[in-house]
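Enquirer: Take this sequence and fold it.
(2 chains)
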Number of protein chains: 2
Amino acid sequence: MKESFQLQDYLTEKKQRLERALPDYLPTSGVPPLLKESMEYSLHAGGKRIRPILIFATLESFGKDPMIGMPVACAVEMIHTYSLIHDDLPAMDDDDFRRGKPTNHKQYGEATALLAGDGLLTEAFRTVCGLDQLGVESKTILKVVRELSRYAGPQGMVGGQMADLLGEGKQLQLAELQYIHQHKTADLLIFCIRAGAHLSGANKEQLELLTTFGRNIGLAFQIQDDLLDIFGEESKLGKPVGSDEASDKSTYPALLGLEETNRQLDQLIAEAKSALNQTGINVEILHALADFIVQRDR
Amino acid sequence: MKESFQLQDYLTEKKQRLERALPDYLPTSGVPPLLKESMEYSLHAGGKRIRPILIFATLESFGKDPMIGMPVACAVEMIHTYSLIHDDLPAMDDDDFRRGKPTNHKQYGEATALLAGDGLLTEAFRTVCGLDQLGVESKTILKVVRELSRYAGPQGMVGGQMADLLGEGKQLQLAELQYIHQHKTADLLIFCIRAGAHLSGANKEQLELLTTFGRNIGLAFQIQDDLLDIFGEESKLGKPVGSDEASDKSTYPALLGLEETNRQLDQLIAEAKSALNQTGINVEILHALADFIVQRDR
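Expert: Residues are numbered from 1 along each chain as shown, chains lettered A, B, ... in the order given. Down below sits the predicted model:
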């Protein structure tokens, strides 16, 4: 298989299908127009839609129709989008631009941005319930609702955001940095893969192996981010690679050096694939996605 | 029945049971301690717990064990609490105190308050799923999840917050003010009563009548708030009742005058009770609650 070419097609097709479906899952009436506009502004701002694609890919790996995952895929984009909107607020990272556009609060003001985030987060759970119209059993839908709350909530992504906030300007230990990566980034990826697995009727062992897969590619994703930050900085500031003094943020390269960071990155991906290989499902697409995640640029 | 005395006992007992159960529904591990503390700070800050009590009361009116509603009762307090935390933020109402204590962001900073709100909102949905441990069918739980998202989200409470924000400093029409009251306040009360009804196996007609009941007492609740604001202002500023120039907020008394406001308040409660009387359930507690809601002070 000519992986790279086919994967690009796969990513493009699935991203398009997601973006075509997304408007169907937002309420069409009864929402103050400015709130709706603000929610849509960020939701339709693009991105690679990696999280939804992980749901589709997992379903396909089990031989299922990937489109059964659409309500969860749309819900997870709402969750991811709300987290970006709130993260960009002045009280958090205070960012003015995202994906080349003004951030939500720059466009609509802080109060509307706050409510747009709250709205997307709340609406995500109704969106998941749309699985029932695709014939998914209530019991399975409830599992997905529960895990979305678990992996996006205080024990998951919100917890990771908090730890990240508390770690700012501090020299973190590796374990603390791992906690942040695991929860801020990996948890939502784990959710996507587990949701796809639940919808495919995966057994307990498969769920555990896929959770390992998701955790590892999530951690790899975040380490890759650290590396891209350095390379980005190098071209921008003309500083040598590995110079981390410009930022007071703890990173893998700063803690472990560049060589060890790259070694750990390779190991995470190797372990991810090893877990995947034990599931007995068709691993082709998920393998390619794992490789893609550590090759991507932003 | 000596309503007032018995109702006070009922309110006290149910509030205590709610507050004893609440900690059981928050995650005990894996949450950054400061995030957990901040969530608990606001969740345990008291209040009358009217929303949970409406759930218990509805179940009891159908002859069911009110304690089956506990997971929903705790979830709705998480939702109500998150909305207060976010509403108090500087970007919104910028309040320093609530219930005699510093607001969440005054105590923990804006970023933590934002995340505590996000955490409570997200955790609420997992909390609802706890109904399965009380033997509730998955299908019924899903109905409750869907309605919580509907009534708390962009078509519900978040939409009401947005409309309230947009209406600040403007002279609103009565219809606009009703939209705000309906969604900012009534929707979560309607959710509580409908959740209790779903858990009781209510039929469609009963659900509709109870929705009318909930909407009416919600609107009455908010009009009563407007009236209390005036009376509070009078004693504070020594201004005559009905003088609304001190605030740029549109209110029922400002739009309709005091006499017509009181007339509408009475009518809302009369219609609420009339709807309730047609349900065929035991109306005693809900009648008493409707009276309580328009008599309460803050």
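
Enquirer: and the helix or strand of chain A with the lowest mean pLDDT, anywhere near chain B?
Expert: Every helix and strand of chain A was ranked by mean pLDDT, DSSP states H and E. The lowest is helix A:204-237, at a mean of 85. No: taking Cβ under 8 Å from any Cβ of the partner chain as the criterion, helix A:204-237 and chain B are apart, separated by no less than 14.1 Å. All C-beta spots, glycine's among them, are computed from the backbone N, C-alpha and C.

Enquirer: by contact count, what packs against that helix?
Expert: Helices and strands touching helix A:204-237, by 3 or more Cβ pairs under 8 Å, 6 or more residues apart in numbering or on different chains; DSSP states H and E, are helix A:174-181, helix A:187-199, helix A:252-256, helix A:258-277, helix A:284-295.

Enquirer: roughly how far is that helix from the heart of the chain?
Expert: 10 Å (Cα atoms, centre = their mean, to the nearest Å).

Enquirer: now the angle between helix A:284-295 and that helix, please.
Expert: Following axes from the mean of the first three to the mean of the last three Cα atoms, to 10 degrees, one obtains 30 degrees for the angle between helix A:204-237 and helix A:284-295.

Enquirer: Sort out which residues of helix A:204-237 are buried, please.
Expert: When neighbours are counted by 16 or more other Cβ atoms under 10 Å in any protein chain shown, the buried residues of helix A:204-237 are found to be A:206, A:208-224, A:226-227, A:229-230, A:233.

Enquirer: what is the orientation angle of it with helix A:187-199?
Expert: When the same axes, to 10 degrees is applied, the directions of helix A:204-237 and helix A:187-199 differ by 150 degrees.

Enquirer: quick revisit: tell me which of the helices and strands packed on helix A:204-237 sits nearest to A:Asp118.
Expert: Closest of the helices and strands packed on helix A:204-237 to A:Asp118 is helix A:187-199, at 17.9 Å (criterion: Cβ to Cβ).

Enquirer: Pass me the low-pLDDT residue ranges in the stretch 101-250 of chain A, would you?
Expert: Under the criterion pLDDT under 70, the flagged ranges of the stretch 101-250 of chain A are A:232-248.

Enquirer: mind redoing it with 90?
Expert: Applying pLDDT under 90 to the stretch 101-250 of chain A picks out residues A:168-171, A:225-250.

Enquirer: for chain B, what are the nearby residues on it?
Expert: Within the stretch 101-250 of chain A, the positions near chain B by Cβ under 8 Å from any Cβ are A:109-112, A:114-115, A:117-119, A:121-126, A:129, A:132, A:137-139, A:141-142, A:145-146, A:148-150, A:152-155, A:158-159, A:161-163, A:165-166.

Enquirer: ok, 6 Å please
Expert: Residues of the stretch 101-250 of chain A lying close to chain B by Cβ under 6 Å from any Cβ of the partner chain are A:110-111, A:114-115, A:118-119, A:121-123, A:125-126, A:129, A:138-139, A:141-142, A:145-146, A:149-150, A:152-155, A:158-159, A:161-163, A:165.

Enquirer: Put the buried members of these into a ChimeraX selection.
Expert: Per 16+ other Cβ under 10 Å, the buried members of those correspond to this ChimeraX selection:
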select /A:110,111,114,115,118,119,121,122,123,125,126,129,138,141,142,145,146,149,150,152,153,154,155,158,159,161,162,163,165
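
Enquirer: For the closest residue to A:Asp24 other than its chain neighbours, list the residues it contacts.
Expert: Leaving aside its sequence neighbours, A:Asp24 sits nearest to A:Cys74 (Cβ to Cβ, 6 or more residues apart in numbering or on different chains; 7.9 Å). A:Cys74 is in contact with A:Leu22, A:Tyr25, A:Thr127, counting by Cβ atoms under 6 Å, 6 or more residues apart in numbering or on different chains.

Enquirer: Please work out the average pLDDT along the strand or helix carrying A:Cys74.
Expert: Assigned by DSSP states H and E, A:Cys74 falls within helix A:70-88. For helix A:70-88, mean pLDDT rounds to 98.

Enquirer: Taking helix A:174-181 as reference, get the angle to the least confident helix or strand of chain A.
Expert: Using the same axes, to 10 degrees, helix A:204-237 lies at 100 degrees relative to helix A:174-181.

Enquirer: Helix A:204-237 relative to helix A:258-277, how many degrees between them?
Expert: Angle of helix A:204-237 versus helix A:258-277, following the same axes, to 10 degrees, is 150 degrees.

Enquirer: Give me the nearest residue to A:Glu176, chain neighbours excluded.
Expert: In this structure, A:Glu176 finds its nearest non-sequential neighbour in A:Gly167, 6.2 Å apart by Cβ to Cβ, 6+ apart.

Enquirer: okay, now the one you found: neighbour count?
Expert: The tally of other residues near A:Gly167 (other Cβ atoms under 10 Å in any protein chain shown) stands at 17.

Enquirer: With A:Val283 instead?
Expert: By other Cβ under 10 Å, 16 other residues sit near A:Val283.

Enquirer: Likewise for A:Asp291?
Expert: By the criterion of other Cβ under 10 Å, A:Asp291 has 17 neighbours.

Enquirer: Tell me, what's the model's pLDDT at it?
Expert: Per-residue pLDDT puts A:Asp291 at 92.

Enquirer: got it, and A:Lys2?
Expert: A:Lys2 carries a pLDDT value of 47.

Enquirer: Likewise for the one 4 residues further on?
Expert: The model reports A:Gln6 with a pLDDT of 87.

Enquirer: and it, how many neighbours?
Expert: For A:Gln6, the count of nearby residues is 13 (other Cβ under 10 Å).

Enquirer: Point me to the helix or strand that includes it.
Expert: Assigned by DSSP H and E, A:Gln6 falls in helix A:3-21.

Enquirer: packing partners for that helix?
Expert: If you count contacts as 3 or more Cβ pairs under 6 Å, 6 or more residues apart in numbering or on different chains; DSSP states H and E, helix A:3-21 packs onto helix A:50-61, helix A:284-295.

Enquirer: try it again with 7 Å
Expert: Packing partners of helix A:3-21 (3 or more Cβ pairs under 7 Å, 6 or more residues apart in numbering or on different chains; DSSP states H and E): helix A:50-61, helix A:70-88, helix A:284-295.

Enquirer: and the angle for the last one with helix A:3-21?
Expert: Taking the same axes, to 10 degrees, one finds helix A:284-295 and helix A:3-21 inclined to each other by 90 degrees.

Enquirer: next one: the second one
Expert: Helix A:70-88 runs at 90 degrees relative to helix A:3-21, counting by the same axes, to 10 degrees.

Enquirer: Put the alpha carbons of helix A:70-88 into CSV.
Expert: C-alpha atoms of helix A:70-88 as CSV (Å, rounded to 0.1, in the frame of the first residue of the first chain):
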residue,chain,number,x,y,z
MET,A,70,-20.7,10.7,13.1
PRO,A,71,-22.7,11.9,16.1
VAL,A,72,-19.7,11.2,18.4
ALA,A,73,-17.3,12.7,15.8
CYS,A,74,-19.3,15.9,15.8
ALA,A,75,-19.6,15.9,19.6
VAL,A,76,-15.9,15.5,20.1
GLU,A,77,-15.2,18.5,17.7
MET,A,78,-17.6,20.6,19.8
ILE,A,79,-15.7,19.6,22.9
HIS,A,80,-12.3,20.2,21.3
THR,A,81,-13.5,23.6,20.0
TYR,A,82,-14.9,24.7,23.3
SER,A,83,-11.6,23.9,25.0
LEU,A,84,-9.7,26.0,22.4
ILE,A,85,-12.1,28.9,22.9
HIS,A,86,-11.8,28.9,26.7
ASP,A,87,-8.0,28.2,26.5
ASP,A,88,-7.5,31.3,24.3
